[in-house]
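Enquirer: how does the following fold in three dimensions:
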Amino acid sequence: MPYSVISTEKGILSAVINTLLGPALVGPPTNVRVEATSNTSVIVQWDFDGGPVDGFVVRYMHEPNQRREDRWISRTVQNSATRHLPISQLTAHKPYAFCVMAIKNNRQGACSDPPTIIKSVTPEYMVTDLEVVWKTSQSVNLRWKYDGPQPVGFYFNHTGRKEYFDQTMTLKTMTTPGYKRELDGDRTEFLLTSLRPYMLYTLHVGVYSPATKRYYWPQEVEVMTDPTAPPYVAPPIIMAGDYKNGLIPVHLQPSTEEYGPISHYWLIVLPGNFTPENVMNLEPIMLQRLTDEKRKALAKQISASPTKKFKREADWVDEDVIENKRMRRDIPSTAYVTARLKPEDLRGNKPFMIGDEKMYDGFTNFPLEPNNKYRLMMRAFAKEDKNHQLKQRPPMSENPAKLYSDSDLSEIFSTQRGLRGSGKAGGMWLLGPMIALLIIGLLIGMLVCWWLRCNKKSAGRGHRHGSITKVALGGNIMNGGPGETSKLLSSDYGRPIMNPYEQMNSSGCMESSLDLYPMPASHSRMANYGPVPVPVPCLPTNGGVIANHSVAHPIIPITELASHIERLRLNNNSGFQMEFESIETGQNYTWDHSNMDYNKHKNRYANVVAYDHSRVSLTNAEEVSGGDYINANYIDGYDKPKTYIATQGPLPETFADFWRMVWEEGSATIVMLTNLEERSRVKCDQYWPTRGTSVYGNIHVTLLETMVLAHYTMRTLRIQCSDEPEVREIRLLQYTAWPDHGVPDHPTPFLIFLKRVKTLNPPDAGPIISHCSAGIGRTGAFIAVDIMLERLRYESTVDIFGCVTALRGQRSYMVQTEDQYVFIHDAVLDAVNSGSTEVPAAKLHQHLMQIRSMDGHGVSGIEMEFRHLSTLKWANTRCAVANLPVNRHKNRQISVVPFDSNRIILRAIPGVEGSDYVNASWVDGYRERGAYIATQAPMEQTIFDFWRMIWEHECAIVVMLAGNIELNRGDCIEYWPLENGTQVGNLVVEPLAEYNMPQYVMREFRLSDIQSGLSRTVRHFQFTDWPEQGPPKSAEMFIDFIQQVHRTKAQFGADGPIAVHCISGAGRTGVFVALSILLDRMRLEHVIDVFTTVKLLRTERQSMVRDKEQYEFLYQASLEFLSSYDQYAPS
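Expert: Sure, this is the predicted structure:
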């Protein structure tokens, strides 16, 4: 941070200082600066590069003209890393002299010479009255005053730190990295958002001069954000046991205190048929009221029958069963709080016993009612922070923090005797009565049969069965199967479901299976494939039972999606892991056709099969064995059956079947989610012609056009069946940016691809055919994301768990890995956060007029878009390599460094640590991945690294977005030779030619490698017309510059990336790359999406397109580009 030296004097004090100190072990500090921070205080700063020292001494003197040595006052700085010292209790408006010396081995070095003189302790460029006006758990409102020299701007930065206990009661420390932002000089208030709850933030506001780019010492204030509810509460775990005496042992786990200390927990007992929706809006006051009613009802029950109490003995469920059933009608069957627990009560592994009738901080742990089903829930309360409250409350528009969080519901448990591990001895006495009852039942049955036979003739011709459903569900007595009344089970939420035993063995449940399938009636009416001998799974919409395994998965409102995903990410994605592993594989269905000997060779993988009930059946006019088989399944969409076909990557022996399926299904779009080879393994065989026409069976396929873009390739094909005159056009869209291993780092390119697929697919076309290699993993992710986004068009909720469960009911193992399951969540969240910002080119003028208009608060739509960019979070944004001590000096700005995931890597020089690092990032273009290198302007110490990067990565074009203003000011240096060649390391740079244009200069250099003897021509474009403030004055001229750069690259056949730099490699560099992408996309797709383009760039490099003016310039330049084409001109 640069500072001004107010004045220095030579000669007056130098001799005195040097005489006093004598021979010095270390040299003096340099660049001593002094600034007044108030009328009685200053801040002294210095630089020091003289090696290791023990500390520093700052000496200062009032009235330095008096030359009295005894007037020097010393202040010691014991931390050798410190480079500043505040000094207070000075005399206002008086002059002072300052010098700084280093200490080593208890000896003082020479004092900085000449001393730095401040003529008056009077603050000039300093904000005053900095205060926190109000705060919430995630935001802080700052206010300050300034009456110093103008014009100026303000800068703001903050850091945060806190200590807390995590869910394992381990003390953790969390810090937030520095954040810096510049503000206009007319701003004296700033709202800081996206903060972390209950974190101590140190906030700085200072003054900077736009003219000199000097940043003056800031004022500081500390604030603790408000606490809020913990991000995750673990559900109670029902422990194994014999449940004697009606006591249920449960394991309770503490919550993390990351969002603030926990005050207490409520352990809540719920009826077994409760779902998360039943308790979602159950406020504490209502729970307290329900608990009081429970207490009163029990008291009334006991007073009515004082001799009847719940017994906690071995036979406790039998003696009072009748009495309890009678009295239970008077007890509300609802939720109640059974215990209030302190955080320390949850430490250790001691189980908590439900129903022990003890008092827990004002709540009675009531005994559970016999023969009932229950669930449990934990509610964690954050402790209200009364020590850091402010006088002013936040405005009504700021939602108050919720101070409690609920766990998921526990598994259902029952108080029925013997349900879980009851002993044999306790039930032996029942054997005799049971045998007697069985004999009586058989006698009654015989009498009933005799009566029915006697009355058979009197039945006449009436209906033999009162219910078709009962006939369909009739039990198989010979096999000992369940009777008809037990065929239909009831889930814990009252929904009918099928027993897995019947799913595998029952032959008579065909009619009811469609009734159990929870989808619109139109699905079963429109589907071409009929009911099958196995039931389609009942897909729970809100926590259901699949194959007798209880799975709680609430439907998520989009307003809670981000926090829901954060909870699942806790503990290294443990929430995602548990949820994903609980999804049924779906392998309760038959796949007989896949298992036929004559079909096995058509399966790419032996264990990836096509279920019989949803498989695509081809026509088989010649009745060849297996002629109707292809490894493909219909997949229902959000509100339409058979929206998709999920299939494997075609094999050479199935090419004809694949194209026959495309023809018979009337499909117009094929989505390919794999490369032909990945990691040296064949993932899919090429089933389309490289050029011209190929014939697959009786289908003629002609390649019309191939368009290769950065993240996907689009092929336009024409197909025709030999027996028919009709010709159809098919689009094959291949997503090429899915990595060989894992999932994409960012979902934005995938969402752009998905939008393109949906746009190009005709509304009356057949199913979208999607395949990867096996047709289950990436294909499942693609379909799940599309279904969820389609759902969001009509609803404000998502249910990814339910969606994947449904997919697995139609094709095995859909969504193959946990990473893919996480990616679906990330993609949906990214779409929710960003919305749809794509605009047809023809409507850009109208759209720009709308977003330039101000709302009631004086904020334009463009500004709101740009602000929203800063609220988005990206994955894989670690910058560990850039921040290594050996590399820090190579960065111009600590806020603009490359991410580890896409940084440019140089060839390491043996023995030179950090020699593989340069501050540069790979950036994708519209047509090519890694089309650009975004980098900072070279510094003296990085010129060799810069030219090494140009050589090693074969850059033939360098774009420089800094002019003479920046060169004269020293913000950028001339890193190229002007007349003669110069050697940089093992490279030689020779100037060949220079062409001066009105807005730019184009230079040609020969770059040669001494070791290999090879050389290349590098063309250097320097745009000189960028003003000191704001974007280029002429969008037309800048567009012409961009086009000239790309024309030159194409003209000379350069294959390497274009290296682009400004000062930091972010602001102007981002504008150049973003506008290049926007122009390309407008030419090809006739749409524009500034927001998504900039968002995508920011996933590749920090702060790309740095301010609102640059962001708005992208809109304006795009409009001017379109105005030159008649078809886009506004009417």
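
Enquirer: I'd say residue 361 and residue 340 touch.
Expert: Yes. When contacts are counted by C-beta atoms under 8 Å, residue 361 is listed as touching residue 340 (3.8 Å). Every residue, glycine included, has its C-beta placed from N, CA and C.

Enquirer: joint contacts of those two?
Expert: residue 264 (C-beta atoms under 8 Å, 6 or more residues apart in numbering).

Enquirer: can you tell me the SS state at residue 561?
Expert: The three-state label given to residue 561 by DSSP: H, G, I helix; E, B strand; the rest coil is helix.

Enquirer: list the contacts of it.
Expert: Contacts of residue 561 by C-beta under 8 Å, 6+ apart are 798, 825, 828, 829, 832.

Enquirer: could these go into TSV alongside neighbour count and secondary structure?
Expert: Conversion of the contacts of residue 561 to TSV gives the following (neighbours: other C-beta atoms under 10 Å; DSSP: H, G, I helix; E, B strand; the rest coil):
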residue	neighbour count	secondary structure
798	25	strand
825	25	helix
828	26	helix
829	18	helix
832	17	helix
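
Enquirer: of all those residues, which comes closest to residue 174?
Expert: Taking C-beta to C-beta as the measure, residue 174 lies nearest residue 829 of these, at 22.8 Å.

Enquirer: circling back to that earlier point, tell me the one of the contacts of residue 561 nearest residue 632?
Expert: residue 828 (25.8 Å).

Enquirer: and residue 411, what pLDDT?
Expert: We have a pLDDT of 89 for residue 411.

Enquirer: okay, stretch 1069-1084 in CSV with CA atoms only?
Expert: C-alpha atoms of stretch 1069-1084 as CSV (Å, rounded to 0.1, in the frame of the first residue of the first chain):
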residue,chain,number,x,y,z
THR,A,1069,-8.4,-8.5,-19.9
GLY,A,1070,-11.8,-9.8,-18.9
VAL,A,1071,-13.5,-7.2,-21.1
PHE,A,1072,-11.4,-8.3,-24.1
VAL,A,1073,-12.1,-12.0,-23.6
ALA,A,1074,-15.8,-11.6,-22.7
LEU,A,1075,-16.5,-9.4,-25.7
SER,A,1076,-14.7,-11.9,-28.0
ILE,A,1077,-17.0,-14.6,-26.7
LEU,A,1078,-20.1,-12.5,-27.0
LEU,A,1079,-19.4,-11.5,-30.6
ASP,A,1080,-18.7,-15.1,-31.6
ARG,A,1081,-21.9,-16.4,-30.0
MET,A,1082,-24.0,-13.6,-31.5
ARG,A,1083,-22.8,-14.5,-35.0
LEU,A,1084,-23.6,-18.2,-34.5
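
Enquirer: how about that stretch: buried residues?
Expert: 1069-1082 (16 or more other C-beta atoms under 10 Å).

Enquirer: and the helices in the stretch 951-1100 of the chain, which stretches?
Expert: 964-969, 1035-1051, 1067-1085, 1090-1098 (DSSP state H, counting those that start in this stretch).

Enquirer: closest to residue 870 out of those helices?
Expert: Of all the helices of the stretch 951-1100 of the chain, it is helix 1090-1098 that lies closest to residue 870, at 9.1 Å by C-beta to C-beta.

Enquirer: which residues sit against the closest one?
Expert: 746, 748-749, 752, 834, 837-838, 865, 868-869, 872, 874, 923-924, 1070, 1073-1074, 1077-1078, 1081, 1104-1105, 1111, 1114-1115, 1118.
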